[in-house]
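> Pasting the sequence and the predicted model now:
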Amino acid sequence: MLAVACSAAMHWHLRRESMDRAEERLVSMCEERARMLQEQFGVTVNHVHALAILISTFHYEKLPSAIDQETFAKYTGRTSFERPLLNGVAYAQRVFHHEREMFESQQGWIMNTMKRELAPPQLEYAPVIFSQDTVSYLARIDMMSGEEDRENILRARTTGKAVLTNPFRLLGSNHLGVVLTFAVYRPDLPADASVEQRVEATIGYLGGAFDVESLVENLLSKLAGNQDIVVNVYDVTNASEAMVLYGPPSLDDQVPLLHVSMLDFGDPFRKHEMRCRYREKPPMPWSAITNPLGTFVIWMLLGYIVCAAWSRYDKVSEDCRKMEELKTQAEAADVAKSQFLATVSHEIRTPMNGVLGMLDMLLGTDLTMTQKDYAQTAQMCGRALITLINDVLDRAKIEAGKLELEAVPFDLRSLMDDVISLFSSKSREKCIELAVFVCDDVPKVVLGDPWRFRQILTNLVGNAVKFTERGHVFVRVCLAENSNLEANQVIYGTMNGKDGKVESTANGAFNTLSGFEAADRRNNWQYFKLLVSDKESLLDDLDGENSNQNDSDRVTLAISIEDTGVGIPLHAQDRVFTPFMQADSSTSRNYGGTGIGLSISKCLAELMGGQISFTSRPFVGSTFTFSATLKRSYKDASADSSRSLSEALPTAFKGLKAILVDGRPVRSAVTRYHLKRLGIIVQVVNNMSAGLKAFSGQNGATISREKATMLFIERDFWRPETDVQLLNHLREHRNGQLSDVPKVVLLVTSEADKDKYGSIFDIVICKPLRASTIASCIQQLLKVEMPDRKENQNRPSFLRSLLVGKNILVVDDNKVNLRVAAAALKKYGAKVHCVESGKDAISLLQPPHCFDACFMDVQMPEMDGFEATRQIRQMEMKANEERKNKLASIEGSTFVECHLPVLAMTADVIQATYEECIKSGMDGYVSKPFDEEQLYQAVSRLVVGTTDPTV
């Protein structure tokens, strides 16, 4: 009995707490719904009030009125979303009896009652003159003719507040609703007006039908817990006969909990309330199962819980142990992956080093044309394989987060020229335009990683040339902020895969580089001319310092590569940047490639603080755009001979004048850009006749540099049947003054045209254009004396000057690699000694020795290159310490530290290997197979600083 009593007491106590919590929850939900209902109602009322002020301001005593029925209907219809709970609004004007006849005459209609009968005479009327289309049936009706509407109108104008009618069924929705009435006053009514002043200042009434059911239903649908409670809204103005506005007509008396929240809709004469109850009785608390008969079951459950908890603890402990094992395995797998990449890279690069090295040596011998073609083909295939290996390793380094960017100054324009020149032969074979343009406000020298920047450009330009069979490939570089600003001034009419209008010329050609339509409209002449608008102060300033730029050292470049190739199919555009994925992956595809270049380019662009995107239309072309954030460099890139990527342009042509015949504005701007870099002033004309007139118009020039000395003609605008006669006429006309006859240069896109027209013109330049190529041709054409170039600008000569007579030790266990490395170094005059193991190298490098540098292979039997280098550094440290102690006793002596430059020769170029090289004491590394560029970079950084011949 005691157990039963205790259980009953506990059951009653828990039940009471449950009911209290349920009641608190019900009160909270009911109050929240009441508050939100009032707020939404208030918002709608405020919009109606604002409409009343609008009518008072723009209609009252305005002749003519700014508001008529059509304007009112349109305005209320377009702003109905602000009053979603009103079926419509209408405005009734206050008209006194003595004004009725004049009012009806002005309106052209007679006031009717609610029953569509003629309105009987009374002191004043409220005819509807403006109405929303949804309540247009109220037009011409006197709202004072209805008893309840009349009471609402009188209450509204005396109180100055919104008043409501009794609930009634709305037309259309058949929902319960009320009519909201606002009095419209004259604008001069004071804020503290009395009742008499408000009545006297009333000019009309604004009303609307309020859908209460929709309001409450919309509110409840947005709140949680709507399924748990039942909500009723009542009009309790008459407490004895409460009217249901929303909810079931009767409540379930069996549900004990009920809460009432008062609602204030702003009408002081009407009262509303919200009643909330649960749909079902609150559930019995879980503790109610605790009864005398369930005690044993509860203890069993407790025992089961304890056992389950202990079992769960064991399982979690086991899972943690397995996770630790998996983590260890994953770390080991990562190490194994890096080791695998290093091994595979080394094992593939080692024989490839021999293959390419021997092919290079073979090409240096006397070969027949067929043999040379075979050797060059094999060399090209080997380099393609090395490129693929580099791409895979770059992808692996990016995924591992171990790819680091350099920060060195480089000449951006020269780098762009170098990239374009890589694809010159291919573009000439296809007879397509290949051009580059760099805006004048782009700095000449920037600080960044030129190798990775070049890699992105090479990938994108290579793809563009590969997939383009006609038209052009156009590379443009400008500041990102200028690109965005000018793009906003052009109406963008083209999206991926969708047709868009692009500006074209009268003959149907498009205003692009080649006249073919481009996928991205922003590179047409309408946009491009914003970049090349006359900025003479910038055109003469090749340093690219723009006064409009801020003083920030950071420069964000926007580079676009536009082609008129096959485009990218719509179904393949979402996987363009996916590694090893191609738009056409079938076995019958027309274009080769691995599909990894764009993925690497995307990652590199993001590492440079930019991004990459594209616009493409099938059978029209593609435009890839990427951005990169670099820094301004106030140091000339050519001043650092060890890191210079290009030669400085000559200045001997500065001030010369030339005339360019080209009717395509984009292409002529590109040609002008290259000539301006040489300091040549260019005048552009559309045809040969205009060009000859330009020469005829300069007869008054007395100084040779004031006269145009060159005539550049685009092949597309050369008409042999007519232009040859004009050209001969010019030469005959100035035959007496041979020095005044201009040099005529033809610009072509194929080698065939160069051979075809070579006899007609003084010189034929085959595109793509480069400033250095143009300078060489003009120097040959005009016999201009060029200043002597520095020896270090010629890399083979500079390498020979660095290496001639130097004693270099090459350490490699592969005899083929020894022969290749020795031949490459001997080519530049070095004295090479070869050994096949690290131990032999240590024996030869015992201080003092006669070697100036050491090229050390990394992976060798018995002793690898890392260990050999560490022992070499230990020997140097010991020798330096002895020499320092010895010289310390000699007064006036100076101590020069002994340090042998050691460069790793490795086929493994992952970051971990580089870090190990530096850690072991090496000064850098050269990846296999290495070429002249790598030798130039490595030797110019290290050997050029060696001053002690005995080191």
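Looks like it came in fine.

> per-residue confidence averaged over stretch 88-98?
Regarding stretch 88-98, the rounded mean pLDDT is 91.

> Contacts for it, please.
48, 51, 55, 72, 76, 80, 83, 103, 111, 121-135, 138-139, 142-143, 153, 184, 202-209 (C-beta atoms under 8 Å, 6 or more residues apart in numbering). Every C-beta, even on glycine, is put in place using the N, C-alpha and C of the backbone.

> what distance separates it from the middle of the whole chain?
Put simply, stretch 88-98 sits 59 Å off its chain's centre (C-alpha atoms, centre = their mean, to the nearest Å).

> can you pull out the strands in the stretch 201-350 of the chain?
202-211, 229-235, 243-246, 258-263, 272-278 (DSSP state E, counting those that start in this stretch).

> Which strands or helices does whatever helix or strand residue 373 lives in pack on?
Assigned by DSSP states H and E, residue 373 belongs to helix 369-400. On a contact count with 3 or more C-beta pairs under 8 Å, 6 or more residues apart in numbering; DSSP states H and E, helix 369-400 meets helix 295-363, helix 597-607.

> Helix or strand next in line after the shortest one, which one?
Counting by DSSP H and E, the next helix or strand C-terminal to helix 597-607 is strand 612-617.

> returning to what we had before: got the angle between the helix holding residue 373 and helix 597-607?
Going by axes from the mean of the first three to the mean of the last three C-alpha atoms, to 10 degrees, helix 369-400 is angled at 50 degrees with respect to helix 597-607.

> now helix 369-400 and helix 295-363, what's the angle there?
Using the same axes, to 10 degrees: helix 369-400 against helix 295-363 is 150 degrees.

> ok now helix 369-400, how far from the chain's centre?
Distance, stretch centre to chain centre, for helix 369-400: 31 Å (C-alpha atoms, centre = their mean).

> ditto for stretch 233-244
On C-alpha atoms, centre = their mean, the centre of stretch 233-244 falls 62 Å from that of its chain.

> related to what we said a few turns ago, pick the most buried one from the strands of the stretch 201-350 of the chain.
When the strands of the stretch 201-350 of the chain are scored by mean count of other C-beta atoms under 10 Å, the highest mean neighbour count falls to strand 202-211 (a mean of 24).

> Please compute how far that one lies from its chain's middle.
53 Å.

> Could you do stretch 766-782 as well?
That offset, for stretch 766-782, works out to 37 Å (C-alpha atoms, centre = their mean).

> Would you mind listing the buried residues in that stretch?
By neighbour count with 16 or more other C-beta atoms under 10 Å, stretch 766-782 contains the buried residues 766-775, 777-778, 781.

> Just give me the closest of the residues you listed to residue 862.
residue 772 (50.0 Å; C-beta to C-beta).

> That closest one falls within a strand, correct?
No - counting by DSSP: H, G, I helix; E, B strand; the rest coil, residue 772 is not found in a strand; it is helix.

> That one reaches residue 418, doesn't it?
No - using C-beta atoms under 8 Å, residue 772 makes no contact with residue 418, being 9.6 Å away.

> is it true that residue 610 touches residue 604?
No - using C-beta under 8 Å, residue 610 is not in contact with residue 604; the gap is 9.2 Å.

> Which ones among the contacts of stretch 88-98 map onto strands?
Using DSSP state E, the subset of these located in strands is 124-125, 128-131, 184, 202-209.

> quick revisit: report the two of the buried residues of stretch 766-782 separated the most.
768 and 781 (19.1 Å).

> which ones are touching residue 268?
159, 161.

> ok, the residue nearest to residue 924 when sequence neighbours are not counted - how many residues close by?
The shortest distance from residue 924 to any non-neighbouring residue, by C-beta to C-beta, 6 or more residues apart in numbering, is to residue 903 (5.4 Å). Per other C-beta atoms under 10 Å, the neighbour tally for residue 903 reads 24.

> okay, the strands of the stretch 201-350 of the chain in a markdown table with mean pLDDT and distance to residue 627 next?
Below are the strands of the stretch 201-350 of the chain laid out as a markdown table (pLDDT from 0 to 100; distance: least, C-beta to C-beta, whole Å):
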| stretch | mean pLDDT | distance to residue 627 |
| --- | --- | --- |
| strand 202-211 | 88 | 54 |
| strand 229-235 | 84 | 56 |
| strand 243-246 | 81 | 58 |
| strand 258-263 | 87 | 58 |
| strand 272-278 | 86 | 58 |
